[in-house]
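Peer 1: Here is the input, now give the coordinates:
(chains A and B)
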Amino acid sequence: AQKITQTQPGMFVQEKEAVTLDCTYDTSDPSYGLFWYKQPSSGEMIFLIYQGSYDQQNATEGRYSLNFQKARKSANLVISASQLGDSAMYFCAMREGLGGGFKTIFGAGTRLFVKA
Amino acid sequence: DSGVTQTPKHLITATGQRVTLRCSPRSGDLSVYWYQQSLDQGLQFLIQYYNGEERAKGNILERFSAQQFPDLHSELNLSSLELGDSALYFCASTTTPEQGFGEAFFGQGTRLTVV
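Peer 2: Sure, this is the predicted structure:
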């Protein structure tokens, strides 16, 4: 069963506008972490933002914010004031416990195109 | 620069061969994760090590194995390689499993091409 769902294979946004990338997740574990990563065309994976399942406040990191709606099991990424350099693949991920360790499940990704 | 070092960056090898991918975590990080990114499967979690011990296993094939050494670097061994093993292999590190939910820093990846 799909545990992380990113329903937008591709998104376009005008430079300087805000954009929301959707992510829904599924887990029965009360303790988990949600992440967003950016993968530019160079291939590296860049950590953007993290939200813990017990965190009361939505996470923010500069122009990135995570809209965490626990009851709806959604963790959307909001990028404010888009820049051309934001064009990349964006992955939503969930880390949950597995035995004595942790596993991370990634969504299929959303490719964001920022237009000048 | 994430502080996680992976070598080699690129690897081309033939079917049936065996290769070893190496990962050095960030200084002070005890936990190493390995992932495989392919076009058809996306990003898949393979295995996690913490301070030399295997802690969690994901979709890792029996032909693949990993270990973490006392100096905390990790190696992923891929044997009897098939064309379908061609992928980008990442390792990532975090500080402790108690902070396993915290941010994980990724290496640049090793692009493996099996011909």
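Peer 1: who does the single nearest residue of chain A relative to chain B bridge with?
Peer 2: Chain B sits closest to A:Gly101 of chain A, with a gap of 2.7 Å, by Cβ to the nearest Cβ. (C-beta placed from N, C-alpha, C; glycine too.) Counting by DSSP bridges, A:Gly101 forms beta bridges with A:Leu98.
Peer 1: and residue 111, what does it touch?
Peer 2: Here I'm looking at chain A. Contact analysis of A:Arg111 by Cβ atoms under 8 Å, 6 or more residues apart in numbering or on different chains lists A:Pro9, A:Gly10, A:Met11, A:Ala88, A:Met89, A:Tyr90.
Peer 1: you looked at the wrong chain, it should be chain B
Peer 2: By Cβ under 8 Å, 6+ apart, B:Arg111 lies in contact with A:Gly43, B:Lys9, B:His10, B:Leu11, B:Ala87, B:Leu88, B:Tyr89.
Peer 1: Out of these, which one has the lowest pLDDT?
Peer 2: The lowest pLDDT within these belongs to A:Gly43, with 90.
Peer 1: so that one makes contact with B:Phe90?
Peer 2: No: counting by Cβ atoms under 8 Å, A:Gly43 sits too far from B:Phe90 to count as a contact (9.2 Å).
Peer 1: With neighbour numbers in mind, choose between these two.
Peer 2: B:Phe90 (26 against 14; other Cβ atoms under 10 Å in any protein chain shown).
Peer 1: could I get whichever helix or strand B:Ala66 is part of in PDB with only the CA atoms?
Peer 2: Assessed by DSSP states H and E, B:Ala66 sits inside strand B:64-68. Taking Å, rounded to 0.1, in the frame of the first residue of the first chain, the C-alpha atoms of strand B:64-68 are listed here in PDB:
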ATOM      1  CA  PHE B  64      23.100  -7.000  -1.600                       C
ATOM      2  CA  SER B  65      24.800  -6.600   1.800                       C
ATOM      3  CA  ALA B  66      26.200  -3.800   3.900                       C
ATOM      4  CA  GLN B  67      28.300  -3.200   6.900                       C
ATOM      5  CA  GLN B  68      29.400  -0.400   9.100                       C
END
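Peer 1: Sounds good, over and out.
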